[in-house]
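Enquirer: sequence? don't have it. structure:
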């Protein structure tokens, strides 16, 4: 690993001069500064962010970065920071317009919780600074807390198969998050385990109510319509319910519905929706505790924690109605 001493020796300056030139603080002749920076570039010098953070008191005790997702864990993060008197700040970032998060600036925060898609700039930072305390939630990294959506999705398929459903439609997001990869893996495994037909449609964040209505219409009017639908999110289920009812169909007699989403959202709809949800509060709490141990330099026995998801059957799912050709 290249150090400031290596750069100083090759540039024929003191370590202090090399440090000033590379940090941009203090006075150094332009020619000297340019020479030092050229040497640093040739040696592929990477500053030790963790060491820089230790040399001065950070502005924050802990930061929360949220990428591309609704801040479901923000309330719990704020509660924990207030409980333990932690100076904190929240920053939102987007993978569609990626930029390096301000909370990761050298010396700004003692550690970071990160929820959502890990943008490339942050992946590179984690790789280059393995000692800097970062714990991610629902995306895999060296220190992370992950919700087990794959097992939960398989439980849903097992439940639907037990009710007699052999043709199931799935509408899931096209995002490349860990959750969506788990859903894809579960679909492939369910097809092999239960020998059922799973009709998958990929949705986008830009979809409109009209898009959902058109999709539901095409699914229900096909020659071989599914008897159950699994939605990757609960946002468009209300639209689907309306479209199903105006066609004179009944839930769950004619078609069963299941969605990934919170209980609060699922029980607000009529009929109440069978749902699979992760424990966001526990995820943030576990990640917060892991981060505190990292900041304190304590041993962490389990660096990648996997939490169960919970499937709750409700009025929107029922036995497949027997057709004449089933008898």
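Expert: Done, it's in. The model shown is predicted, which means the values in this text are computed figures rather than measured ones.
Enquirer: What segments of the stretch 151-300 of the chain are helices?
Expert: Chain-ordered helices for the stretch 151-300 of the chain, with DSSP state H, counting those that start in this stretch as the definition, fall at 178-194, 209-220, 237-246, 263-266, 280-296.
Enquirer: Check which residues of the second one are buried.
Expert: Going back to what we said before, that points to helix 209-220. Of all the residues in helix 209-220, those buried under the rule 16 or more other CB atoms under 10 Å are 212-213, 215-216, 219-220. Glycine gets a C-beta too; all of them are placed from N, C-alpha and C.
Enquirer: Repeat that for stretch 141-160.
Expert: For stretch 141-160, using 16+ other CB under 10 Å, the buried residues are 141, 143-147, 149-150, 152-157, 159-160.
Enquirer: Which of the residues you listed fall in strands?
Expert: For the buried residues of stretch 141-160, membership in strands holds for 144-147, with DSSP state E as the criterion.
Enquirer: Return the closest of those residues with respect to residue 137.
Expert: Checking these against residue 137 by CB to CB gives residue 145 as the nearest, at 5.2 Å.
Enquirer: Show me the shaky parts of the stretch 201-327 of the chain.
Expert: Across the stretch 201-327 of the chain, the stretches falling below the confidence threshold (pLDDT under 70) are 204-207, 322-327.
Enquirer: Tell me where the chain has strands.
Expert: In the chain, the strands defined using DSSP E lie at 62-67, 88-93, 112-116, 134-137, 144-148, 167-173, 197-203, 228-231, 256-260, 274-277, 304-308, 310-312.
Enquirer: and stretch 105-117, how far apart are its ends?
Expert: Start-to-end span of stretch 105-117 (CA to CA, to the nearest Å) is 19 Å.
Enquirer: so how far is it from its chain's centroid?
Expert: Computed by CA atoms, centre = their mean, to the nearest Å, the separation of stretch 105-117 from the middle of its chain amounts to 15 Å.
Enquirer: ok, residue 237 touching residue 270?
Expert: No. Contact status for residue 237 versus residue 270: not in contact, 11.0 Å apart, counting by CB atoms under 8 Å.
Enquirer: I am finished for the moment; much appreciated.
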